[in-house]
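**Q** Quick check, what structure comes out for this input:
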Amino acid sequence: GILLPYITVIVIAYYDGGVEFIGDRVHPRFGFIFAVCIYLSIGALYGIPRAANVAYEIGAKSILPIHNTWTLVGFSLVFFIVVGLIALYPTKIVDNLGKILTPALLLIIGALCIAAIINPEGKVGQPHDKYAETPFISGILEGYYTMDLVAALAFSVVIVQSFKLAGISDSKKIVRNVILSGLISALLLTVIYFSLAYLGITTSKPGFD
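**A** Numbers count the residues shown, from 1 in each chain. Alright, predicted model coming up:
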């Protein structure tokens, strides 16, 4: 969830290409099919619907008095309208995410993790089932299911383009900035993931998967 996406973004920045460019190294037709599968997976088929569903389940569901298919549909419509309005101004997306949403998210997660470490809900639980028998393989597979690696293939082009829009045109400088910014992000994500893992093992209950 951290190392492989980080390496992927660096590779895309180094070759100044995209998903199709990587696939073209096998065969042009393979590159096209590979790119279509990646963008459908991270977009219309899985990523986009999951984004709305997660926002509904975690946020809106605890507030709304009624929970059914129509409330989910209504929330999804509002959600995608807001996302569409934000996407109309692509030059401001980085500023909005980087200066407002990301710091706010980090503060919320940080406060949650600090509270869990200082005042844990319970004792450290014991792994069970596949996590006790094959923890490494299970962790790799579950981490792959998060689609972080697939997302890195799709969105690395956006990251490189953001540096270009910021006025950096030299390819070596772009790669250097990608490495440095990616390293900072990787370190922060490592801290967050370990904190969330600790939060999980101190609040888990027997039989809960």
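
**Q** Let me know the next secondary structure element after the worst-scoring helix or strand of the chain on mean pLDDT.
**A** Least confident helix or strand of the chain, by mean pLDDT, DSSP states H and E, is helix 93-96 with a mean of 69. Downstream of helix 93-96, the next assigned helix or strand under DSSP states H and E is helix 102-118.

**Q** OK, contacts around the nearest residue to residue 14 once chain neighbours are set aside?
**A** Once flanking residues are discounted, residue 14 sits nearest to residue 175: 5.4 Å by Cβ to Cβ, 6 or more residues apart in numbering. Bear in mind the C-beta positions are built from the backbone N, C-alpha and C, glycine included. By Cβ atoms under 8 Å, 6 or more residues apart in numbering, the contact list for residue 175 reads 10, 13, 14.

**Q** Name only those of those residues that count as buried.
**A** Among those, those scoring as buried are 10, 13 (criterion: 16 or more other Cβ atoms under 10 Å).

**Q** from the contacts of residue 175, which single one is nearest residue 170?
**A** residue 13 (11.9 Å; Cβ to Cβ).

**Q** which SSE is that closest one in?
**A** Taking DSSP H and E as the criterion, residue 13 maps to helix 3-15.

**Q** Contacts for that helix next, please.
**A** 18, 21-22, 148-149, 151-153, 156-157, 159-160, 174-175, 178-179, 182-183, 185-186.

**Q** Need the pLDDT of residue 2.
**A** Here, the pLDDT recorded for residue 2 equals 82.

**Q** Residue 81 too?
**A** Looking at residue 81, the pLDDT reads 93.

**Q** Next: residue 187.
**A** Looking at residue 187, its pLDDT stands at 90.

**Q** what do you get for residue 204?
**A** pLDDT, residue 204: 65.

**Q** do the same with residue 177
**A** For residue 177, the pLDDT comes out at 91.

**Q** Can you tell me the closest non-neighbouring residue to it?
**A** Leaving aside its sequence neighbours, residue 177 sits nearest to residue 163 (Cβ to Cβ, 6+ apart; 5.6 Å).

**Q** just checking, next helix/strand downstream of the helix or strand containing that neighbour?
**A** In the assignment (DSSP H and E), residue 163 maps to helix 148-165. Next in sequence after helix 148-165, counting helices and strands by DSSP H and E, comes helix 171-203.

**Q** how about that following helix: buried residues?
**A** 174, 175, 177, 178, 182, 185, 186, 192, 195, 199, 202.

**Q** residues touching the fifth one, list them.
**A** For residue 182, the contacting residues are 6, 9, 10, by Cβ under 8 Å, 6+ apart.

**Q** which one of those is nearest residue 106?
**A** Nearest member of the contacts of residue 182 to residue 106, counting by Cβ to Cβ, is residue 6, at 17.9 Å.
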